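Peer 1: this is a predicted model, with the sequence first.
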Amino acid sequence: MPASHTVEVMGTRTALVLLSFALGMTLLTAGPAAGVEVAGAPVVTTELQLTTDAHRVGPNRQVTLTARLLTEAGEPVAGEDVQLQYQRIGRTGWRDGDTLATAMGGRVGWTVNVTNSTRFRVVHRESVTASSSTSPVRKVYVKPVVSASLRRDWVRPSGVVKLNGRVQPAYADERVSLQRRVDGRWRSVAKAQQGGQGRFVFRISGMNSYGPQTYRVALDARDRHLPATSKRLTLTTVRLVTYNIETRGKVRGALDSFKKRTAEIYADRRGWTRSYIHFTRVKSGGAFSLVLSAARFVPTFAPICSSYYSCRAGRYVVINEDRWRAGTPYFKKSGGNLRQYRAMVVNHETGHWLGLGHASCGGSGQRAPVMQQQSKGLNGCTPNAWPLGWEIRRAR
């Protein structure tokens, strides 16, 4: 009995195998015609493309990424989910972004804010109709903007000027460097930590010698951003000269306009400022007194002063009111105007206070030195209100 039972069981198994095989052949033959779905049917092989509208972005900038899902034959695949992934440069591990379905043409897009240099890719996971695929990686680098400004563009040798700046976007854990141009190279002279919203402050001291120095602020490259520098800034170490304004006699001219115009002349970059002198008006007790004097009072300053011209006597730079109001006929005949004359006479008399003597015309048709007595005649030179280069050098 055990033997025949064994045989019988074996016979039953054989019959079942044959029946299953016959049924499978029937389904294989009749399945497609009868609409029966077969597990393991082939899916379309796909590939993903990824483009970006920018590879470098500044602060508060967005970047648009566009993906396209295609078959091997280059046909677009619509209606498939594609996920954006990103990874900060210098870090490991991909993070998931939004998943969107491809539209007609197989395209899908994302607009994202980029605050750190970042890698992007897109992923399509296998579906019932399309294979999985991953795009090439696209990198977008952040280019920070470093802004910097000086409170003023001059400083005394013993003084200090504040430089304020900001990095956008901010990287609060990073320092910025103050650099000075020396012998054609940038040298770091100080460092500062970024504060709130990327702000920073430097305090720059004057130099031991008069003249300009060029500075900038630099942010070194990191994995999350490119290097960046501010625009160049020029800070000039100057000789600070104070002056006060006085009057003598009853002046008919408008004193306020005299104050305004002379301040413009002293601040003009064509003037004695080129000798690294900074003129500042004070109420009293200046290094010299600039005087608008009625004509008849001018001779009271010194025997060499006349009631017709302006002059300098000791600490007094005296401007004759008549000449301030009308100039001289010699200057006008040579082609000069009143505005030029006023600048010339202030620069001429102030030049005497700075230690310069009179100069002569260098040749017919040349610009007159400002220290030439242009009020009395030009001697072939052309009218000129501003010190020439050699006069600037003598005043230093």
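Peer 2: Looks like it came in fine.
Peer 1: can you give me the domain assignment for the chain?
Peer 2: The chain breaks down into these domains under automatic domain parsing: 46-142, 145-235, 239-395.
Peer 1: in CSV, list these along with mean pLDDT.
Peer 2: Formatted as CSV, those follow (pLDDT from 0 to 100):
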stretch, mean pLDDT
domain 46-142, 96
domain 145-235, 96
domain 239-395, 96
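Peer 1: so can I have CSV of those domains showing mean neighbour count?
Peer 2: C-beta: built from backbone N, CA, C; applies to glycine. CSV is the format used below for the domains of the chain (neighbours: other CB atoms under 10 Å):
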stretch, mean neighbour count
domain 46-142, 16
domain 145-235, 15
domain 239-395, 17
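Peer 1: touching, residue 148 and residue 164? I think so.
Peer 2: Yes - the criterion here is CB atoms under 8 Å, and residue 148 meets it with residue 164 at 7.2 Å.
Peer 1: which residues does stretch 248-266 contact?
Peer 2: 243, 245, 247, 271-273, 279, 281, 290-294, 296-298, 300, 318-319, 321, 324-325, 342-343, 346-347, 350 (CB atoms under 8 Å, 6 or more residues apart in numbering).
Peer 1: sorry, slip of the keys, the one I care about is stretch 370-379.
Peer 2: Counting by CB under 8 Å, 6+ apart, residues outside stretch 370-379 touching it are 309-310, 323, 327-328, 330-331, 334, 336, 341, 344-345, 347-348, 351-352, 356-361, 368, 381, 383-388, 391.
Peer 1: measure it end to end?
Peer 2: Distance across stretch 370-379, first residue to last, is 13 Å (CA to CA, to the nearest Å).
Peer 1: and stretch 44-60, by the same measure?
Peer 2: 40 Å.
Peer 1: just checking, residue 338 touches residue 326?
Peer 2: Yes - using CB under 8 Å, residue 338 is in contact with residue 326, at 7.5 Å.
Peer 1: the contacts of stretch 248-266 in helices, which ones?
Peer 2: Among the contacts of stretch 248-266, the ones falling in helices (DSSP state H) are 321, 324-325, 342-343, 346-347, 350.
Peer 1: between those residues, which is nearest residue 127?
Peer 2: The nearest member of the ones in helices among the contacts of stretch 248-266 to residue 127, counting by CB to CB, is residue 343 at 82.0 Å.
Peer 1: dump the residue contacts of that closest one.
Peer 2: 265, 268, 271, 385-386.
Peer 1: distance of it relative to residue 192?
Peer 2: In this structure, residue 343 and residue 192 are 42 Å apart, going by CB to CB, to the nearest Å.
Peer 1: now do residue 80
Peer 2: 51 Å.
Peer 1: in the sheet, who's paired with residue 63?
Peer 2: Per DSSP bridges, residues listed as beta-bridge partners of residue 63: residue 112.
Peer 1: next one: the one 5 residues further on
Peer 2: Listed by DSSP bridges, the beta-bridge partners for residue 68 are residue 49, residue 107.
Peer 1: hmm, it is touching residue 78, no?
Peer 2: No - counting by CB under 8 Å, residue 78 is not a contact partner of residue 68; they are 10.6 Å apart.
Peer 1: common neighbours of those two, please.
Peer 2: By CB under 8 Å, 6+ apart, the residues touching both residue 68 and residue 78 are 102, 105-106.
Peer 1: now the closest residue in space to residue 347 that isn't next to it in sequence: how far from residue 184?
Peer 2: In space, and not counting its chain neighbours, residue 347 is closest to residue 370: 4.9 Å by CB to CB, 6 or more residues apart in numbering. Residue 370 sits 34 Å away from residue 184, taking CB to CB as the criterion.
Peer 1: please enumerate the strands of the stretch 51-200 of the chain.
Peer 2: 56-57, 62-71, 81-88, 95-101, 107-113, 118-124, 133-134, 138-142, 145-150, 154-155, 160-168, 175-182, 185-193, 199-205 (DSSP state E, counting those that start in this stretch).
Peer 1: now these as JSON lines including distance to residue 49?
Peer 2: Shown next, in JSON lines, are the strands of the stretch 51-200 of the chain (distance: least, CB to CB, whole Å):
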{"stretch": "strand 56-57", "distance to residue 49": "21"}
{"stretch": "strand 62-71", "distance to residue 49": "5"}
{"stretch": "strand 81-88", "distance to residue 49": "11"}
{"stretch": "strand 95-101", "distance to residue 49": "15"}
{"stretch": "strand 107-113", "distance to residue 49": "9"}
{"stretch": "strand 118-124", "distance to residue 49": "9"}
{"stretch": "strand 133-134", "distance to residue 49": "10"}
{"stretch": "strand 138-142", "distance to residue 49": "10"}
{"stretch": "strand 145-150", "distance to residue 49": "32"}
{"stretch": "strand 154-155", "distance to residue 49": "57"}
{"stretch": "strand 160-168", "distance to residue 49": "32"}
{"stretch": "strand 175-182", "distance to residue 49": "39"}
{"stretch": "strand 185-193", "distance to residue 49": "42"}
{"stretch": "strand 199-205", "distance to residue 49": "42"}
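Peer 1: nearest to residue 216, of the ones you listed?
Peer 2: strand 175-182 (5.3 Å).
Peer 1: now do that closest one: which elements does it pack against?
Peer 2: When contacts are defined as 3 or more CB pairs under 8 Å, 6 or more residues apart in numbering; DSSP states H and E, strand 175-182 packs onto strand 160-168, strand 185-193, strand 199-205, strand 211-219.
Peer 1: let me see the contact set for residue 116.
Peer 2: Residue 116 sits next to 88-89, 142, 224-225 when contact means CB under 8 Å, 6+ apart.
Peer 1: the same query, at a cut-off of 10 Å, please.
Peer 2: 86, 88-91, 140-142, 169, 171, 222-225 (CB atoms under 10 Å, 6 or more residues apart in numbering).
Peer 1: distance to residue 124 added to the residues you listed, as JSON lines?
Peer 2: Formatted as JSON lines, those follow (distance: CB to CB, whole Å):
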{"residue": "86", "distance to residue 124": "16"}
{"residue": "88", "distance to residue 124": "23"}
{"residue": "89", "distance to residue 124": "24"}
{"residue": "90", "distance to residue 124": "27"}
{"residue": "91", "distance to residue 124": "24"}
{"residue": "140", "distance to residue 124": "21"}
{"residue": "141", "distance to residue 124": "26"}
{"residue": "142", "distance to residue 124": "28"}
{"residue": "169", "distance to residue 124": "32"}
{"residue": "171", "distance to residue 124": "35"}
{"residue": "222", "distance to residue 124": "33"}
{"residue": "223", "distance to residue 124": "29"}
{"residue": "224", "distance to residue 124": "28"}
{"residue": "225", "distance to residue 124": "31"}
